[in-house]
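>>> Provided below for reference: sequence and predicted model.
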Amino acid sequence: MKFDELLMIPGPVQVHSRILNAMAKPLIGHRTPEFSDIMKNCTLGLKELFGTDGDVYLISGSGTAGMEAAISSFSKVSRITCIDNGKFGDRLCRIASRYTEVDALRFEWGESIDLEKVKESLENGSEAVAFVHNETSTGILNPAREIAKIAKKHSALVIMDGITSVGGDEVKMDEWGIDVAIVGSQKCLGIPPGLAAVAVNERAWEFYNEKAPFYLDLMAYKKKLKDWQTPYTPAVPLFVALNEAIEMIKEEGLENRIQRHRKFSRAVREWAVNAGLELFPRLNEYSSYSNTVTAIKMPEGITDKELRGTLKQEYSITISGGQEHLKGKIFRIGTMGNIGKREVVATLMAVEDILTRKGCAVPAINHALEVLK
Ligand SMILES: *Cc1c(COP(=O)(O)O)cnc(C)c1O
């Protein structure tokens, strides 16, 4: 018999039935007061998740559309420092290089960011910095507040990919000094893929590039926001989904939601180290483990295909492997969005079953259960 997949990957995530049901309602037109109401709710709700009084622009497109909108719209700089300690940091470098000169600060994937290097790059005349807050590819949480602090000393623009932190972990754009930040719909917000949101403060407009790609030019979104509208036809069902997701976040309470995400990822880590596995990221005094996705080294004696393939086949649970050169070297368990203890325990038990059968781990679920109490 075929069962519904349980998606325990860092996006797209499991979508709650309340959200699926909201999306199944008859479509509404977008140039209507009904749509504007939804748009307003979504925008105001997202502002809280970003921790900003600034604008939030909603783009119909995946997270990468948000990254490109942010960088291309605010690329009036002679040089931008892009920090790469994982796949998405590398993507920031690649996007930025299409619009301006890039100072790429590259660290081995899984490594922490050396803040001295950021300082040096800005001292050398870079006028902006772009980085990933929660590097999904390696399971590391980069020090947003510290990076922004260094940037502020040089009055540099700060662009942050918060795609897997906003809505799941603490993000305080205004307090930290982040000028532009991005989130994607299919991660901690818990709705299907296809929406990106870019939060922007007033200062960012000093860096506005009027040659940004037409669809991604944030000025168009800014102009329409006054009427709670989008410049082009939006992905209406996804806005309806986001509206429901925001309502669910309000019901749960943002602080509770953040604590839940932290608890779930801590449970995964406690399980992993006690099972005899090794966490992938190499931390320094400023970085920490991600609170939304856990990257674990693939143990000796089992292949990626054996682990993830068996998990999918026997348990209908999907977890992620490594990306690019990390393929086969790590596996990643996402604990994002609207999931409960059931999903976390089932996933860990199933992974443990497959690993112990192969002699690659020892039972350790009690350590996870202790955290989840
Ligand atoms: C998923 C993700 C992206 C890319 O989002 P897409 O929706 O795949 O375009 C960018 N940054 C981070 C940190 C992500 O996790």
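Nice, thanks for sending it over. Numbering: from 1, shown residues only.
>>> Not including adjacent chain positions, what is the nearest residue to whatever residue of the stretch 1-150 of the chain ends up closest to the ligand?
Residue nearest to the ligand within the stretch 1-150 of the chain (Cβ to the nearest ligand atom): Gly63, separated by 2.6 Å. Just so you know, the C-beta spots here come from the backbone N, C-alpha and C atoms, and that holds for glycine as well. Residue nearest to Gly63 in three dimensions, not counting chain neighbours: Gly184, with 3.0 Å by Cβ to Cβ, 6 or more residues apart in numbering.
>>> for Thr294, phi and psi?
The phi/psi pair for Thr294 (degrees, to the nearest 10) reads phi -120, psi 130.
>>> how near is it to Gly45?
Distance of Thr294 to Gly45, given as Cβ to Cβ, to the nearest Å: 27 Å.
>>> Kindly report the same for Ser62.
In terms of Cβ to Cβ, Ser62 sits 20 Å off from Gly45.
>>> Show me what residue of the stretch 151-300 of the chain gets nearest to the ligand.
For the stretch 151-300 of the chain, Cβ to the nearest ligand atom, closest residue to the ligand: Ile163, 3.7 Å.
>>> Give me the neighbour count for Glu278.
Each residue near Glu278 was counted by other Cβ atoms under 10 Å, and the total is 11.
>>> And Arg145, by the same measure?
Using other Cβ under 10 Å, Arg145 has 13 neighbouring residues.
>>> pretty sure it is touching Asp174, no?
No: Arg145 lies out of contact with Asp174 (Cβ atoms under 8 Å); the separation is 11.8 Å.
>>> now for the longest helix along the chain, which elements pack on it?
For the chain, the helix with the greatest residue count under DSSP state H is helix 254-274. Applying 3 or more Cβ pairs under 8 Å, 6 or more residues apart in numbering; DSSP states H and E, one finds that helix 254-274 contacts strand 293-297, helix 341-357, helix 365-372.
>>> pLDDT at the residue nearest to the spatial centre of the chain, what is it?
Central residue of the chain (Cα atoms, centre = their mean): Thr164, 1.4 Å from the mean position. In this model, Thr164 is scored at 98, pLDDT.
>>> Tell me the secondary structure at the residue of the stretch 151-300 of the chain closest to the ligand.
Recorded secondary structure, Ile163: coil (DSSP: H, G, I helix; E, B strand; the rest coil).
>>> From Phe88, how far off is it?
Separation of Ile163 from Phe88 (Cβ to Cβ): 7 Å.
>>> Those two - which one has more neighbours?
Neighbours were counted for Ile163 and for Phe88 using other Cβ under 10 Å; Ile163 has more, 30 against 23.
>>> Could you single out the most deeply buried of the helices and strands packed on helix 254-274?
Mean neighbour count (mean count of other Cβ atoms under 10 Å) peaks for strand 293-297 among those, with a mean of 25.
>>> got the angle for it vs helix 254-274?
On the basis of axes from the mean of the first three to the mean of the last three Cα atoms, to 10 degrees, strand 293-297 is oriented at 10 degrees to helix 254-274.
>>> so what does strand 293-297 touch, helix or strand wise?
Strand 293-297 sits against helix 254-274, strand 330-334, with contacts defined as 3+ Cβ pairs under 8 Å, 6+ apart.
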